[in-house]
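# What follows is a predicted structure for the sequence shown.
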Amino acid sequence: MPTPEAIIFDLDGVIIETDEYHYRSWQRLADEEGIPFDRAANDDLRGLTRRASLLKLLKGRVISEDQMQAWMERKNAYYLDYMGRFTPADLQPGVGEFLRAAKAKGLKIGLASASQNARPILHLLQINDLFDAVGDAFSVPNPKPASDLFIWVAGRLNVNPARVIVVEDSEAGIEAALRAGMLTIGLGSGERLAKAHLVYARLSAACLEEALNHLTRVQSS
Ligand code: G6P
Ligand code: MG
């Protein structure tokens, strides 16, 4: 029976709960510019790139490319204020244990994040050494929900996409992993994870052995 050989993790909302800080940063920009925005609108930005998020926030309003750049930089400056304070204590519960259990099983470990800040965040959390390959916003031109980033990371890990498990919290991320032909674990609740092969409320509720058994059965059925 074919067994998984690698696990690729998303970063935001999986390894660290950054949603609140992305939200506060977009909200501040939106307030300054008089654009209606709230937490529900922010939830739709999960997994999207900075540019795709700004376009959603603009809801069809047209601004110049220079202004787009300036607004993205301003939002990121607000976010970096929060990010600069991240420490290993900000790792989501269960992540360290899950990563170590996967390593002990001989699985390769990858990261596939839409964020331009992914690498500095891994350093701040002091978990960069655990990853065999890191894909971020700079790795491929087509962001999630395109499969490109996951395929790129699988290539770096030298693993067949069909032998990869992806851990994701966003609809765009699950969609991208499925398009890549990978097995998926969704983290969180609600409709956005409906297509995932397996869903847990959070990683601390997940058991690696149980997930591997379940996903291996999915793969061979
Ligand atoms: C992740 C988050 C998004 C964020 C995106 C880009 O996918 O879920 O909320 O907008 O990364 O992050 P960045 O750090 O590049 O602005
Ligand atoms: Mg995410």
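It's in. Ligands and ions are numbered 1, 2, ... in the order given.
# I'd like the average pLDDT over the helix or strand hosting Glu20.
According to DSSP states H and E, Glu20 maps onto helix 19-33. Helix 19-33 shows a mean pLDDT of 97 in the predicted model.
# and what of stretch 189-206?
Averaged over stretch 189-206, pLDDT sits at 92.
# Of all the residues in that stretch, which ones are buried?
Along stretch 189-206, the positions that meet the burial threshold by neighbour count (16 or more other CB atoms under 10 Å) are 192-193, 196-200, 202-203, 206. The way it works is simple: take the backbone N, C-alpha and C, and place the C-beta from them, glycine included.
# Can you give me the end-to-end span of that stretch?
End-to-end distance of stretch 189-206 (CA to CA, to the nearest Å): 14 Å.
# swap in stretch 37-46?
Across stretch 37-46, the straight-line distance between its terminal residues is 15 Å, by CA to CA.
# any idea how far that stretch is from the chain center?
Per CA atoms, centre = their mean, to the nearest Å, the displacement of stretch 37-46 from the mean C-alpha position of its chain is 16 Å.
# If you count neighbours, what's buried in it?
Within stretch 37-46, judged by 16+ other CB under 10 Å, the buried ones are 37, 41-42, 45-46.
# Check stretch 123-135 too.
Under the neighbour-count criterion of 16+ other CB under 10 Å, stretch 123-135 has 124-125, 127, 130-135 buried.
# Mind putting those into CSV with pLDDT and distance to ligand 2?
CSV is the format used below for the buried residues of stretch 123-135 (pLDDT from 0 to 100; distance: CB to the ion, whole Å):
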residue, pLDDT, distance to ligand 2
Leu124, 98, 17
Leu125, 97, 15
Ile127, 96, 16
Leu130, 95, 18
Phe131, 97, 16
Asp132, 98, 20
Ala133, 98, 18
Val134, 98, 15
Gly135, 98, 13
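# Now intersect these with the helices, please.
When the buried residues of stretch 123-135 are checked against helices (DSSP state H), the matches are Leu124.
# Which residue comes closest to whichever residue of the chain sits closest to ligand 2 once chain neighbours are left out?
Nearest residue of the chain to ligand 2: Gly13, at 3.6 Å (CB to the ion). Beyond its immediate neighbours in the sequence, the residue positioned closest to Gly13 (CB to CB, 6 or more residues apart in numbering) is Asp169, lying 3.6 Å away.
# quick check: domain ranges of this structure?
Dividing the chain into domains by automatic domain parsing, as the record does, gives the ranges 6-16+90-220, 19-83.
# tell me the most buried of these?
Comparing these on average neighbours per residue, with mean count of other CB atoms under 10 Å, the densest one is domain 6-16+90-220 at a mean of 19.
# Run the chain-centre distance for that one.
What separates the centre of domain 6-16+90-220 from the centre of its chain is 7 Å, taken as CA atoms, centre = their mean.
# do that domain and ligand 1 meet?
Yes: contact of domain 6-16+90-220 with ligand 1 (CB under 6 Å from any ligand atom) involves 12-13, 114-117, 137.
# Could you export those residues as a markdown table, including secondary structure, pLDDT and distance to Asp31?
What follows is these, written out as a markdown table (DSSP: H, G, I helix; E, B strand; the rest coil; pLDDT from 0 to 100; distance: CB to CB, whole Å):
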| residue | secondary structure | pLDDT | distance to Asp31 |
| --- | --- | --- | --- |
| Asp12 | strand | 97 | 22 |
| Gly13 | coil | 95 | 23 |
| Ala114 | coil | 97 | 24 |
| Ser115 | coil | 98 | 23 |
| Gln116 | coil | 98 | 23 |
| Asn117 | coil | 98 | 22 |
| Ala137 | coil | 97 | 25 |
